[in-house]
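Engineer: next comes the sequence, and after it the predicted model I'd like to discuss.
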Amino acid sequence: MTDPQKPRPILVILEDDVNRIRGFAQAFHNTEYTIFITDQVNQCIEILTKHKADLAYLDHDLGGKTFVDPDKEPTGLHVAEWIAANPHRAPNTVFIHSHNPAGARSMANVLHNVSSTTTVIAPYPSCLTQYRLSPR
C-alpha cells in the first residue's frame, strides 16, 4: 500500500501511437506512478520542467511518421537534448522505446553524459515486459 504522506513517483511518456499509449496505460494501470502521457515535444518538456520525473519513456519519431529528421520536425531527440541541458530535472531512468535505431542511438548519445540518469534503449513492447523498473 502506498504511504499517503509520500509523494507518488512521476512517470512521463512521450508517444504518439494510440495502441502503444494503450499498452503503457495497461502496463502502469495499478502502479503507484502519477502518469503524464503526451505526443508533443514541447508539452513533454513542460511536464519535465514542472515535475521531477522518476521514469520516462521517450519515442523518437512522432506525428505518426517513421524515420523523422530531427532537423526538420520535433522528435524525442529534442527532449533528450533538453534533459542533457537541464540535468537537475533529469529523470532517474529514461527508456528510449523507438523503433528507429539511428534516432534511438542519437538520443542515447545525448543522454550518455547525464550522470544522474540511467538510459536504456528498449524498443516497444520489450521496454514494458523486460525492463520495467520500480521507482527508486
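Structural biologist: Looks like it arrived, so ask away. Just so it is clear, the structure is predicted and the values come from calculations on it, not from any experiment. Residues are numbered from 1 along each chain as shown.
Engineer: what is the burial count for residue 115?
Structural biologist: Other residues lying near residue 115 total 8 when counted by other C-beta atoms under 10 Å. For glycine as for every other residue, the C-beta is placed from the backbone atoms N, C-alpha and C.
Engineer: now do the one 10 residues further on
Structural biologist: Other residues near residue 125 come to 14 when the count uses other C-beta under 10 Å.
Engineer: is it true that it touches residue 26?
Structural biologist: No - at 10.6 Å, residue 125 and residue 26 do not qualify as touching, with contact defined as C-beta atoms under 8 Å.
Engineer: can you pull the buried residues of stretch 114-134?
Structural biologist: Judged by neighbour count using 16 or more other C-beta atoms under 10 Å, the buried positions of stretch 114-134 are 114, 117, 119, 121, 122, 124, 127, 128.
Engineer: for residue 35, list each beta-bridge partner.
Structural biologist: Here residue 35 shows beta-bridge partners residue 11, assigned using DSSP bridges.
Engineer: just the pLDDT for residue 67.
Structural biologist: Taken from the predicted model, the pLDDT recorded for residue 67 is 86.
Engineer: how close does it sit to residue 126?
Structural biologist: 20 Å (C-beta to C-beta, to the nearest Å).
Engineer: then residue 75?
Structural biologist: Using C-beta to C-beta, we find residue 75 at a distance of 21 Å from residue 126.
Engineer: what residues are up against residue 128?
Structural biologist: When the contact criterion is C-beta atoms under 8 Å, 6 or more residues apart in numbering, the partners of residue 128 are 23, 24, 27.
Engineer: now with 10 Å, please.
Structural biologist: Remark: with contacts taken as C-beta atoms under 10 Å, 6 or more residues apart in numbering, residue 128 is in contact with 20, 23, 24, 26, 27, 28, 57, 95, 97, 122.
Engineer: can you pick out the most distant pair from these?
Structural biologist: Using C-beta to C-beta, the pair of these lying farthest apart is 26 and 122, separated by 17.2 Å.
Engineer: can you tell me the centre-most residue of the protein?
Structural biologist: Nearest to the centroid of the C-alpha atoms of the chain, with distances taken as C-alpha atoms, centre = their mean, sits residue 57, at 2.4 Å.
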